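Colleague: Kindly generate the corresponding structure for this input.
(chains A and B)
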Amino acid sequence: MDTLANLGLGFGVALTAANLGYCFIGVLLGTLVGVLPGLGPVASVAMLLPITFVLPPASALIMLSGIYYGAQYGGSTTAILVNIPGESSSVVTAIDGYKMARMGRAGPALGIAALGSFFAGCVSTVAIAFFAPALAEVALRFGPAEYFALMVFGLIAAIVLASGSLVKAVAMVVLGLLLGLVGADVNSGVPRYGFGIPELTDGIGFIPLTMALFGIAEVARNLESLETRSVGVQAIGRVLPSLADIRQSMGSILRGTALGSVLGILPGGGALLASFASYSLEKKVARPPRTFGEGDIRGVAGPESANNAGAQTSFIPMITLGIPSNPTMALMIGAMMIQGVAPGPQIMTEKPDLFWGLIASMWVGNLMLLVLNLPLVGIWIRLLRIPYRMLFPAILVFCMIGVYSASNSLFDIYLTAALTLLGYVLIKLDCEPAPLILGFILGPLMEENLRRALLISRGDATVFVTQPISLGFLVAAVLLVAVLVMPAVRKTRDEALQE
Amino acid sequence: MTFRLVGLLLTFLLSAAAASAQTFPTKPVTLVVPYAPGGNSDIVGRAIAQKLGEHWNQPVVVENRPGATTTVGAAYAAKAAPDGYTLLLAAPPFVITQYVYPDLSYDTRKSFEPVSLIAYFPLVLVVPAALPVNNLKELVAHARANPGVTYASPGAGTTSHLIGEMLAKEEKLDLVHIPYKSGGQGVVDLMGGRIGFYGAVPPEVMSQIRAGKLKALAVLADKRSDLLPDVPTSAESGFPYLQAQSWSSISAPKGTPQAVVAKISGDIAQVIKDPSLRERLSQQGAVFVGSTPAELAAWYEEEHKRWGPLVKSIGVAPGQ
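Modeller: Reported below is the predicted structural model:
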């Protein structure tokens, strides 16, 4: 079989001592930078990009991919330990992961995240190796109408399956949509809700928003409690997940991997939808579901697998079509250009060693991530033993460094401070920030694609129902709403939540 | 006596200024790139920063200050100390935003000293491979026969948008502008046949052209591109007015000593001869210039003339 021979060639490239070394350095650097709050994969890759200029193309790409996975995993680490998601797709990890950490189960949470990511990485790498060109064609079929329908579906799914009060979940999604409206309108360039502040022309940044709503608001909540000593995570508990944990998470990991592999292919929001969708799905299938939101290991295993699978398959449009599916991939394309390699449809035939070497290195990188991170889990959770009065100033300082370094903007620091007030109010009102983030990210994308689809069709709204893919998502969304409004189902849902 | 003192002082000051230009730089230099990392301008900025750093034996630090179509970064650079230690990587929006944003805190002409035009990147006009047109004339005929042909751009007020407006205005066509947040998603829709055409910077579409997924109809410049030697220019295709390029230049805050400006300009002209730099950027479709400050000033004026009236007439104007 051709693919096997090609994979052999790939492993020949990836397993040379030098490339193994670069892969390891990449994963290590990525993990170290990624665990700093606010420094997610984009910032990490951007910071470390110049290091790779001096390397040969294959090594540079292998190292950059290592940085990418490392930073991705690092972002989940902070989500679990201090409630600060490093990037949008680890927002849901923070929900149950952080609860687990507060219950003294940070170790199993980090461990299952590493194991789930490894499994998802292996599976999706195989998917890339065998199906990359075919999958790339799927991405091409997604135009504005299809994206819009997908996002409608995603948003409704998130509301239907959200934890806690339905009204509050809807309110949070709407608030997120409103916050997402800030900034220049893509079609006309007219700034909305900008108050004449140039920094707001590009909208509210994701990093200030998540830092404020998750990280710093959480610090405020913790400081409020009189017995500050008890808010930190005291009991360390097990360092690694038990067999029972793994058995419980197995199904979640499998489902997360499948969802992530499929959605990751779609440029723009695919990987994010994957982790949210996985969380919703796990919550739906879990028996009993009440433990979700209270530190359920499946709430970490599923989204983390989905997010890593999505991270891998997001390489597909990049290497086969030359199209960046997210900002990190845009940076990778930049790095390849600098190396004199043009990513695109012909790369598999022109530079097979590079293409297959990269694919093989994904597997190697994921293995290294596992080998590197399982021992690190012990160190990370020991950090939590630091008394909170010493830990929280460090969290604040790192948050500020993360916010500032993202765009060198002092304005973003003030913005973070203002949004922290909002975050604190939301905590007091018992409103969860995760649906807000989903609305914040999907809202502008939805609007953009809706208007683009209508522009292309010259105002003909039937475009959403005449395209089969778009129609399918919209029908699914309507079915979900039907489930929601059916009184019997609503009753069961309420009962389930009250348990 | 007093005169002699003043004279001495003057001589001292003058020689100090001359010496400072000769020894420039004595500390790290900041290059403000008004874009997020990873884009075309950022790649050029980082490449030139690295080579200047080696040349000067002082680090040249790239500082990404993205936001509001480069005006956040430009406003920051305009306010920096005019000593040559803060430079701005200026690209087409540097000129165009002047006509788009009514109350910028700086003026492109009055707040900066032009230093050097590093390179320009002619746009290439591409269509989906399946579209039955093979040159610009056929595209225009196609658009005339089918009102509402769409074209992509990475945002309102970009050169990709403006060439569409230019073509529509000159040929009296009904074209529909479809703006994207970045060129990448536009290229997906173009390859999927959902968009009619796109005036792209070469790196966005080169591999798709070579794979036969997109057709390059014309290079929008007066010379053919080394990357696409078989593709005619817009003038050869019968549309000499249709010229547009992206470009990367360096400007310094107003008041930067002329001697320092001249030194930086000369050094840029020298480092862009470096073969490794050329190889790196030629993939981007760069045509290298390394101009003098006066030539860059003239270039900016040319861009003002080309886009200013057009932007005003179509009213790309946020804040109105």
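Colleague: Please name the nearest non-neighbouring residue to the closest residue to chain A within the stretch 101-250 of chain B.
Modeller: Nearest to chain A, among the residues of the stretch 101-250 of chain B, is B:S207, at 2.3 Å (Cβ to the nearest Cβ). Backbone N, C-alpha and C define where each C-beta goes, glycine included. Leaving aside its sequence neighbours, B:S207 sits nearest to A:G344 (Cβ to Cβ, 6 or more residues apart in numbering or on different chains; 2.3 Å).
Colleague: still on that earlier bit, in which helix or strand does the residue of the stretch 101-250 of chain B closest to chain A reside?
Modeller: Per DSSP states H and E, B:S207 falls inside helix B:202-210.
Colleague: which other helices and strands contact the helix or strand following that helix?
Modeller: Sequence order places strand B:214-219 as the next helix or strand after helix B:202-210, per DSSP H and E. When contacts are defined as 3 or more Cβ pairs under 8 Å, 6 or more residues apart in numbering or on different chains; DSSP states H and E, strand B:214-219 packs onto strand B:124-128, helix B:136-145, helix B:183-191, helix B:202-210.
Colleague: among the ones you listed, which is nearest A:E447?
Modeller: Nearest of the helices and strands packed on strand B:214-219 to A:E447, taken as Cβ to Cβ: helix B:183-191 at 14.4 Å.
Colleague: From B:L190, how far off is the residue nearest to B:S207?
Modeller: 14 Å (Cβ to Cβ, to the nearest Å).
Colleague: higher neighbour count, those two?
Modeller: Neighbour comparison, A:G344 and B:L190: the larger count goes to B:L190, with 29 against 24 (by other Cβ atoms under 10 Å in any protein chain shown).
Colleague: how about the strands of the stretch 151-300 of chain B, start to end?
Modeller: Under the criterion DSSP state E, counting those that start in this stretch, the stretch 151-300 of chain B contains strands at B:175-179, B:197-200, B:214-219, B:245-253, B:287-288.
Colleague: ugh, typo on my part, it should be chain A
Modeller: A:183-184, A:191-192 (DSSP state E).
Colleague: The first one pairs with which strands?
Modeller: Note on strand A:183-184: by DSSP bridges, its sheet partners are strand A:191-192 (antiparallel).
Colleague: Where does pLDDT dip in chain B?
Modeller: B:1-20, B:38, B:316-320 (pLDDT under 70).
Colleague: what sits against the residue of the stretch 101-250 of chain B closest to chain A?
Modeller: Neighbour list for B:S207: A:322, A:342-347 [criterion: Cβ atoms under 8 Å, 6 or more residues apart in numbering or on different chains].
Colleague: quick one on the thing from earlier: hmm, the residue nearest to B:S207 is touching B:R210, no?
Modeller: Yes. At 7.0 Å, A:G344 counts as touching B:R210 under the criterion of Cβ atoms under 8 Å.
Colleague: if we can go back for a sec, which stretch among the helices and strands packed on strand B:214-219 comes nearest A:L358?
Modeller: helix B:202-210 (15.6 Å).
Colleague: which parts of the closest one are buried?
Modeller: B:202-210 (16 or more other Cβ atoms under 10 Å in any protein chain shown).
Colleague: quick one: A:L181 from A:G443, how far?
Modeller: Counting by Cβ to Cβ - A:L181 and A:G443 are separated by 7 Å.
Colleague: of the two, who's got more company?
Modeller: Comparing A:L181 with A:G443 by other Cβ under 10 Å, the one with more neighbours is A:G443, at 20 against 16.
Colleague: I'd assumed A:G183 was in contact with the more buried one.
Modeller: No. Counting by Cβ under 8 Å, A:G443 stays clear of A:G183, with 11.2 Å between them.
Colleague: Count the residues that sit near B:K305.
Modeller: Taking other Cβ under 10 Å as the definition, B:K305 ends up with a neighbour count of 11.
Colleague: In terms of secondary structure, what does the longest helix seen in chain A contact?
Modeller: Using DSSP state H to define each element, chain A has its longest helix at helix A:106-141. Applying 3+ Cβ pairs under 8 Å, 6+ apart, one finds that helix A:106-141 contacts helix A:2-14, helix A:57-82, helix A:91-102, helix A:243-264, helix A:298-313, helix A:315-316, helix A:352-383, helix B:183-191.
Colleague: ok, now which ones touch the residue lying closest to B:D107 once chain neighbours are set aside?
Modeller: Closest residue in space to B:D107, ignoring its immediate chain neighbours: B:Q98 at 7.3 Å, by Cβ to Cβ, 6+ apart. B:Q98 is in contact with B:104, B:107-108, B:304, B:308, counting by Cβ under 8 Å, 6+ apart.
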